[in-house]
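# sharing a model that was predicted from the sequence below.
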Amino acid sequence: MTALAAFAALAAAPPPPLASRPAEKDCAWRLLSSPELGLEVPVQRCDFGFRVIDFGAGKTSLYQSMADTGKKEDVFPVVSMFEKKADEGPDEAIRRVAFKKLSRYQRKHCVVVAKHVPHLGLSKSAFTISPDEEYAAKAAAKAGTDVPPPPCGDLGESADSLTYFEFHALENPRRFAFVWAGQDTPLFDETRLKFLP
């Protein structure tokens, strides 16, 4: 195949899909890009008639909004972006942003650990904040048969939803994100977060 023919074949190929999975019923993907937030990610806008779900970008977070017909809009963050200092490793950066809100006991018994997130690949990494063995047992005993609140605070691991910190060393070594992927498949594409320069 000549170079010209190869170029023509490449040009004729369909563009890669915007997202890693089909949109949910009554939803459509769009690319949300916010230089101010430093994040680009495919998100879905869903119109269920009685409820509209969409996404927006603030100064520090990607947020999901939900508005029922005739009711006030409910907004909550799903990806929060943070700045990492030049001399910090992931453990230190996470401790700086998350541990200041914890009690003395929590700071002593919560640890930053690597988390396996299959879609991240080799150039990206994930971490979570977990209770040590003593604190995990204490939190479980206190909760009994109920779902316990996150023992290491709102930025720590949760028993009923997927949460983690994400680092993209090659895309932007200065930024990192806290991702709240929820209980079910999220309406943003957590596999295609891109940290902007």
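Here it is on my side, so go on.

# show me the shaky parts of the protein.
Applying pLDDT under 70 to the chain picks out residues 1-16.

# and the strands in it?
For the chain, applying DSSP state E gives strands covering 27-34, 39-47, 51-57, 61-68, 74-83, 110-114, 124-131, 162-168, 175-182, 194-195.

# what about the last one, distance to the chain center?
Average the C-alpha atoms of strand 194-195, do the same for its chain, and the two points are 11 Å apart (CA atoms, centre = their mean, to the nearest Å).

# what's the answer for the first one, then?
Taking CA atoms, centre = their mean, one finds the center of strand 27-34 at 15 Å from the center of the full chain.

# count of neighbours near the closest residue to L187 other than its chain neighbours?
Nearest non-adjacent residue to L187, counting by CB to CB, 6 or more residues apart in numbering: Q44, 4.4 Å away. Just so you know, the C-beta spots here come from the backbone N, C-alpha and C atoms, and that holds for glycine as well. By the criterion of other CB atoms under 10 Å, Q44 has 20 neighbours.

# show me the contacts for Q44.
Q44 makes contact with A23, E24, C27, A28, W29, R30, I53, F55, L187, F188 under the criterion CB atoms under 8 Å, 6 or more residues apart in numbering.

# PyMOL command for the buried members of those?
Per 16 or more other CB atoms under 10 Å, the buried members of the contacts of Q44 correspond to this PyMOL selection:
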select buried, resi 23+27+29+53+55+187+188
